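*Asks:* Give me the fold of what follows.
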Amino acid sequence: MDLEFNKNEDQMRLAVSEMKQRHAKVSLGGGQKSIEKNKARGKMTPRERIKYLIDKGSTFTEIGSFAGWEMYAEYGGCPAGGTVAGIGYVKGRQCMIIANDNTVKAGAWFPITGKKNLRLQEIAMENKLPVIYIVDSAGVFLPMQDEIFPDKEHFGRIFRNNAKMSAMGITQIAAVMGSCVAGGAYLPIMSDETLMVEGNGSIFLAGPYLVKAAIGEDIDTQTLGGAKTHTEISGIADYKFENEQDCLDQVKRIVDKIGAQPKAGFDRAEPALPKKDQKEIYGFVSVDNSKQYNVVDVIERIVDNSEFDQFKEDYGKTIVCGYARIDGWAVGIVANQRTVFKNKKGEIQIGGVIYNDSADKAARFIQNCNQKKIPLVFLQDVTGFMVGSRSEHAGIIKDGAKLVNAVSNSVVPKITIVIGNSYGAGNYAMCGKAYDPRFIYAWPNAKIAVMGGAQAAKTLLQIQVASLKAKGEEIDPEKEKELLKKITDKYDAQTSSYYAAARLWVDEIIDPINTRKVISEGITAANHNPDIEEFKTGVFQV
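*Replies:* Sure thing, here's the model as predicted:
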């Protein structure tokens, strides 16, 4: 491998190392003091609960670990959105596991907590996965109640989804290991079965303090809504246990007896590892997303036997399409190919630009995959559609619309990996978050924005300078340089993978070498839902 490859590899490994360090920080939740306080009460951390619950040696695909990253600083932050969650195997069955983190503001719900929990339920509904709730929450975070309580996509939607999932035949199990207060009390009771831990678990619409204030009654937490009360008097809960381990053991027994469900029937052969060294995946894409590379090299480190059958290989070369297998699963891959081109000033630029022929090819390929019931994988490294008179006269908007139409109406599962840039309408055409990918992941170097940082900063600078001059201010070159740096720094921060993951524009930031694994797990999950609609594209210009 050449010097450029080695440089990319070193930088990507550093980026992955930084990601793992940040994840370790997030994994502490509300901090060591809060963890020790809970330990003294016989409580495990949410990650320990999940580790105990899932099958030993099995895969756990975490979702939303960076939700809330560097948000809510005025309240001390909300690591992982106050919830640890993902897809794990319990008694050999894929389940969605959602665990409140009591060490983060007593498990209270911030706005990002609500958004994350709704996304987790959405994944469970799309893929018909059983849901295990590990409940330990104080309810809505009151200082921000107006941003989490009343709207359509807020706290109340959780319970609406409980009812919808039940009607869909999706098993829901709630293990109450701590507080379950106010509106949150409906979640375990709207689940199929409710388990409680004695001494720590409690369910009530109003706690002792509010009861005292409202009706003057003096009562303690356990008498009001503890495990004994709800298994012996109200009948709300189904099981009570002395400790968390026994409670989780019962969850395993319940899952173990769930009947088999129909499958979607996506084709899977015997899995085979890539023939080309998977670790070389670190060396192709530069961390600053500025260098040219052949995306086929990346694909060959992900797919079985490194075999990739290209569709229309010599046509529309800025998007690569083709068939392959990933961990045995048949997939159709749509990937941006970085190219070298000249801008209007004659300057050489490198970018994942979509041209007319590329959009046309990709739209046709997506139709083919839907016809054959083959899941789609999008590898995003796109700076947008080609602009200028030549492209406009050739109908780039028409061809771009054709691609967006095909992506929008695709009925097979779509899994998106942002391996570089994801800018503007290119984000849409390559199945960004707004286009309902079953799962969407990002490499640590990913950047998501309406346009690249340099272009955006210069545009914003022109606007700001014009505004200041209109107010009579003199802007010398030094001042202009200072303004440009300030704008660029802010914009770059907003385009980072962590900014995107904090707001759940992507489900998770992943180590590039795990790309193959998360795609396989995603298709395994999608295969649980046999309800695939008929593929229709509606009206579009050809």
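*Asks:* which residues of the chain score low on pLDDT?
*Replies:* Low-confidence regions of the chain, defined by pLDDT under 70, span residues 1, 340-351, 453-454, 456-457, 541-542.
*Asks:* Can you check which helix is longest in it?
*Replies:* Ranked by residue count under DSSP state H, the longest helix found in the chain is helix 3-27.
*Asks:* May I see the buried residues of it?
*Replies:* Using 16 or more other C-beta atoms under 10 Å as the test for burial, helix 3-27 gives 8-9, 11-13, 15-16, 19, 22, 26-27. (Each C-beta comes from the backbone N, C-alpha and C, glycine too.)
*Asks:* Same question for stretch 238-248.
*Replies:* Across stretch 238-248, burial judged by 16+ other C-beta under 10 Å covers 238-241, 243-244, 247-248.
*Asks:* distance of residue 396 from residue 389?
*Replies:* In this view, residue 396 and residue 389 are 10 Å apart by C-beta to C-beta, to the nearest Å.
*Asks:* Now the phi/psi pair for residue 387, please.
*Replies:* Residue 387 adopts backbone torsions of phi -110, psi 180, taken as degrees, to the nearest 10.
*Asks:* just residue 268 next, same as before
*Replies:* Per degrees, to the nearest 10, the backbone of residue 268 is at phi -140, psi 130.
*Asks:* List just the nearest of the buried residues of helix 3-27 to residue 171.
*Replies:* Lowest distance from residue 171 to those (C-beta to C-beta) belongs to residue 27, with 28.1 Å.
*Asks:* okay, now the closest residue in space to that closest one that isn't next to it in sequence: neighbour count?
*Replies:* What sits nearest to residue 27 in space, not counting adjacent residues and going by C-beta to C-beta, 6 or more residues apart in numbering, is residue 47, at 6.1 Å. The number of residues packed near residue 47 is 17, by other C-beta atoms under 10 Å.
*Asks:* which other helices and strands contact the one helix or strand residue 47 maps to?
*Replies:* Using DSSP states H and E, residue 47 maps to helix 46-53. If contacts are counted by 3 or more C-beta pairs under 8 Å, 6 or more residues apart in numbering; DSSP states H and E, helix 46-53 sits against strand 83-90, strand 93-100, strand 131-137, helix 244-256.
*Asks:* Please determine how far the residue with the largest distance to the centre of the chain is located from residue 466.
*Replies:* Among residues of the chain, the one most distant from the C-alpha centroid is residue 472; the distance is 46.9 Å, by C-alpha atoms, centre = their mean. Remark: distance between residue 472 and residue 466 (C-beta to C-beta) = 12 Å.
*Asks:* Ok, residue 337 next?
*Replies:* Here residue 337 is placed at a distance of 38 Å from residue 466 (C-beta to C-beta).
*Asks:* got JSON lines for the buried residues of helix 3-27, with distance to residue 488 too?
*Replies:* Shown next, in JSON lines, are these (distance: C-beta to C-beta, whole Å):
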{"residue": "8", "distance to residue 488": "23"}
{"residue": "9", "distance to residue 488": "27"}
{"residue": "11", "distance to residue 488": "20"}
{"residue": "12", "distance to residue 488": "23"}
{"residue": "13", "distance to residue 488": "26"}
{"residue": "15", "distance to residue 488": "20"}
{"residue": "16", "distance to residue 488": "25"}
{"residue": "19", "distance to residue 488": "23"}
{"residue": "22", "distance to residue 488": "23"}
{"residue": "26", "distance to residue 488": "27"}
{"residue": "27", "distance to residue 488": "32"}
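*Asks:* any idea which of those residues is closest to residue 481?
*Replies:* Relative to residue 481, the closest of the buried residues of helix 3-27 is residue 11; by C-beta to C-beta it sits at 26.8 Å.
*Asks:* If you tally nearby residues, what's the number for the nearest residue to residue 19 once chain neighbours are set aside?
*Replies:* Nearest residue to residue 19, sequence neighbours excluded (C-beta to C-beta, 6+ apart): residue 444, at 4.8 Å. By other C-beta under 10 Å, 23 other residues sit near residue 444.
*Asks:* again with residue 44
*Replies:* Residue 44 has 21 neighbouring residues, counting by other C-beta under 10 Å.
*Asks:* same question, residue 217
*Replies:* Other residues lying near residue 217 total 10 when counted by other C-beta under 10 Å.
*Asks:* Could you check how far the closest residue to it other than its chain neighbours is from residue 204?
*Replies:* Excluding the flanking residues, the one nearest residue 217 by C-beta to C-beta, 6+ apart is residue 211, at 5.2 Å. According to C-beta to C-beta, residue 211 stands 8 Å off from residue 204.
*Asks:* One more: residue 214?
*Replies:* Using C-beta to C-beta, residue 214 is found at 12 Å from residue 204.
*Asks:* Neighbour count for those two, which is higher?
*Replies:* The residue with more neighbours, out of residue 214 and residue 204, is residue 204; 22 against 9, by other C-beta under 10 Å.
*Asks:* Please verify my assumption that the more buried one contacts residue 226.
*Replies:* No - in this structure, residue 204 is not within contact of residue 226 by C-beta atoms under 8 Å, at 9.2 Å.
*Asks:* does residue 528 count as helix, strand or coil?
*Replies:* Following DSSP: H, G, I helix; E, B strand; the rest coil, the label given to residue 528 is coil.
*Asks:* does it really touch residue 266, like I thought?
*Replies:* No - Residue 528 lies out of contact with residue 266 (C-beta under 8 Å); the separation is 10.5 Å.
*Asks:* Now do the SS call for residue 421.
*Replies:* Three-state assignment for residue 421 (three-state DSSP): strand.
*Asks:* how close does it sit to residue 132?
*Replies:* To residue 132, residue 421 is 37 Å away according to C-beta to C-beta.
*Asks:* out of the buried residues of stretch 238-248, who's nearest residue 179?
*Replies:* residue 244 (14.4 Å).
*Asks:* wait, the closest one sits on residue 46?
*Replies:* No - the pair residue 244 / residue 46 is not scored as a contact, 11.0 Å apart, by C-beta under 8 Å.
*Asks:* can you give me how far the helix or strand encompassing residue 523 is from the chain middle?
*Replies:* According to DSSP H and E, residue 523 maps onto helix 515-526. Taking C-alpha atoms, centre = their mean, to the nearest Å, one finds the center of helix 515-526 at 13 Å from the center of the full chain.
*Asks:* Need the residues that contact that helix.
*Replies:* 59, 61, 87, 94, 123, 126-127, 129, 264, 266, 271, 274, 278, 281, 302-303, 326-329, 331, 375, 377, 413, 415, 417, 419, 438-439, 441, 443, 508, 510 (C-beta atoms under 8 Å, 6 or more residues apart in numbering).
*Asks:* Return a ChimeraX selection command for the buried portion of those residues.
*Replies:* Remark: buried members of the contacts of helix 515-526, expressed as a ChimeraX selection using 16+ other C-beta under 10 Å:
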select :59,61,87,94,123,126,127,129,264,266,274,278,281,302,303,326,327,329,331,375,377,413,415,417,419,438,439,441,443,508,510
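*Asks:* So which of the contacts of helix 515-526 are in strands?
*Replies:* Counting by DSSP state E, the contacts of helix 515-526 place 61, 87, 94, 326, 329, 331, 377, 415, 417, 419, 439, 441, 508 in strands.
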